[in-house]
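Novice: kindly return the folded structure for what I paste below:
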Amino acid sequence: MVAVPEKRLTVVMYHFIRDLRNSKFPAIKGLTIEEFGGQLDYIQTHYKVIGWSDLADALSTPGTRLPPRALLLTFDDGYRDHYENVLPELVDRGLTACFYPPAKAITNQQVLDVNKIHFILASAPDKSPVVSSLFALIDGARSEFRLESEDYYRHKLAHPNRFDTAEVILIKRMLQRELPGELRGRIVDALFRRYVTSDESAFSKELYMDAEELRAMREAGMHLGSHGYDHLWLDSLPPPDQEAQVDLSLRFLRTLGVAGDDWTIGYPYGAYDASLLGILRDKGCQAGFTTEVRLAKIGEDDRLTLPRLDTNDLPKRGDAAPNDWTMRILKEDASL
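Specialist: Modelled structure (predicted):
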């Protein structure tokens, strides 16, 4: 039976891709270079990898549809991993992808709080001392801030998800959004200095791409999009602050040569709300990628809230049997 063009799209999200075994932080959550290559082998066996221009046409041009088993690769956070380990592999395979760097990390050579938290956790195999340090710092700030008890925070936040233990989720949520902003920053900085390094600038230069490397990515055919300015939970901000985050990010993208009518966003933490969507529509955003775990339906889903699978949702070996996510696509393809 002959397959016809489909509107179902698999979007895959990546973060760290590095030589983990020889890294200073082997516990950081990511793919090894070998696993990434193996996953691309798997993807190219079972899917048709498309680029942003293909998706843009399908979203905007009546009658244009995606090929069967279409898949889009996306990479968040602007890591140097993407320039050193991902770009050569994509170029060798003739593939393109979408990359979402947070502007502040590149322009200010600062380590984002989200990454400080990643490396704090990766530096401590036993998370109990980190939790103890966290609550000791909270106790020292109770005269300045209205704060709940440790039991309250544990009961509210310490619940495992499909990737993290209860302790890890407790640390992440406390430091990402639960505590007052000023206190969060203070505690994250203190823990980063204690567990990781006191030289933030040098660490930042090692962790993130610089502007010239991002321009080289674009010249190689990669799509660069917005990931906010500070990598904040954008749904937690009032509309004026949401707009400021978007504007600062767009100003940064313009310096990289991104056209004002051809930009997309990968939401930090996958977080958005109605006011942010309105701002993005007004500013001409062409597509938005969330962290909702499912397959996208082009033409049915809102183009600003497209879902993504995590890299861990697909096998990392080219000879692996099709998993459940892939079988859904293959069965649809066979029925056409």
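
Novice: so where's the stretch 51-200 of the chain uncertain?
Specialist: In the prediction, the stretch 51-200 of the chain carries no residues with pLDDT under 70.

Novice: what ranges do the helices span in the stretch 201-336 of the chain?
Specialist: Using DSSP state H, counting those that start in this stretch, the helices found in the stretch 201-336 of the chain span residues 211-219, 239-255, 274-282, 324-335.

Novice: mean pLDDT, distance to R186 and mean neighbour count added to these, as TSV?
Specialist: C-betas here are computed from N, CA, C, even on glycine. Output for those, formatted as TSV (pLDDT from 0 to 100; distance: least, CB to CB, whole Å; neighbours: other CB atoms under 10 Å):
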stretch	mean pLDDT	distance to R186	mean neighbour count
helix 211-219	97	29	16
helix 239-255	97	20	17
helix 274-282	97	27	16
helix 324-335	85	41	14
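
Novice: out of those helices, nearest to R93?
Specialist: helix 211-219 (15.3 Å; CB to CB).

Novice: would you mind getting the angle between that closest one and helix 239-255?
Specialist: Helix 211-219 runs at 80 degrees relative to helix 239-255, counting by axes from the mean of the first three to the mean of the last three CA atoms, to 10 degrees.

Novice: packing partners of helix 211-219?
Specialist: For helix 211-219, the packing partners by 3 or more CB pairs under 8 Å, 6 or more residues apart in numbering; DSSP states H and E come out as helix 103-107, strand 223-224.

Novice: so for the shortest one, mean pLDDT?
Specialist: It refers to strand 223-224. Averaged over strand 223-224, pLDDT sits at 98.

Novice: tell me where the stretch 51-200 of the chain has strands.
Specialist: Listed in chain order, the strands of the stretch 51-200 of the chain (DSSP state E, counting those that start in this stretch) span 70-76, 98-100.

Novice: turn those strands into JSON lines, including distance to G38.
Specialist: JSON lines is the format used below for the strands of the stretch 51-200 of the chain (distance: least, CB to CB, whole Å):
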{"stretch": "strand 70-76", "distance to G38": "14"}
{"stretch": "strand 98-100", "distance to G38": "21"}
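
Novice: which one of those strands lies nearest to R146?
Specialist: Of the strands of the stretch 51-200 of the chain, nearest to R146 by CB to CB is strand 70-76, at 33.6 Å.

Novice: tell me the strands beside that closest one, with direction?
Specialist: For strand 70-76, the pairing partners within the sheet under DSSP bridges are strand 8-14 (parallel), strand 48-50 (parallel), strand 98-100 (parallel).

Novice: which residues are contacting it?
Specialist: The contact list for strand 70-76 (CB atoms under 8 Å, 6 or more residues apart in numbering) reads 6, 8-15, 43, 47-52, 54-55, 82, 86, 90, 95, 97-100, 227, 266, 289, 308.

Novice: select only the buried ones of the residues you listed in ChimeraX?
Specialist: Restricted to buried positions by 16 or more other CB atoms under 10 Å, the ChimeraX selection for the contacts of strand 70-76 reads:
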select :6,8,9,10,11,12,13,14,15,43,47,49,50,51,52,54,55,82,86,90,95,97,98,99,100,227,266,289,308
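
Novice: one step back: dump the strands paired with strand 70-76 to TSV, plus distance to Y272.
Specialist: Output for those, formatted as TSV (distance: least, CB to CB, whole Å):
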stretch	distance to Y272
strand 8-14	15
strand 48-50	24
strand 98-100	14
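
Novice: spatially central residue in this structure, please.
Specialist: D76 (3.5 Å; CA atoms, centre = their mean).

Novice: quick one: residues contacting the residue nearest to that residue when sequence neighbours are not counted.
Specialist: Distance criterion CB to CB, 6 or more residues apart in numbering; nearest residue to D76, sequence neighbours excluded, is Y100 at 4.9 Å. Residues near Y100 by CB under 8 Å, 6+ apart: 74-78, 224-227, 265-266, 289.
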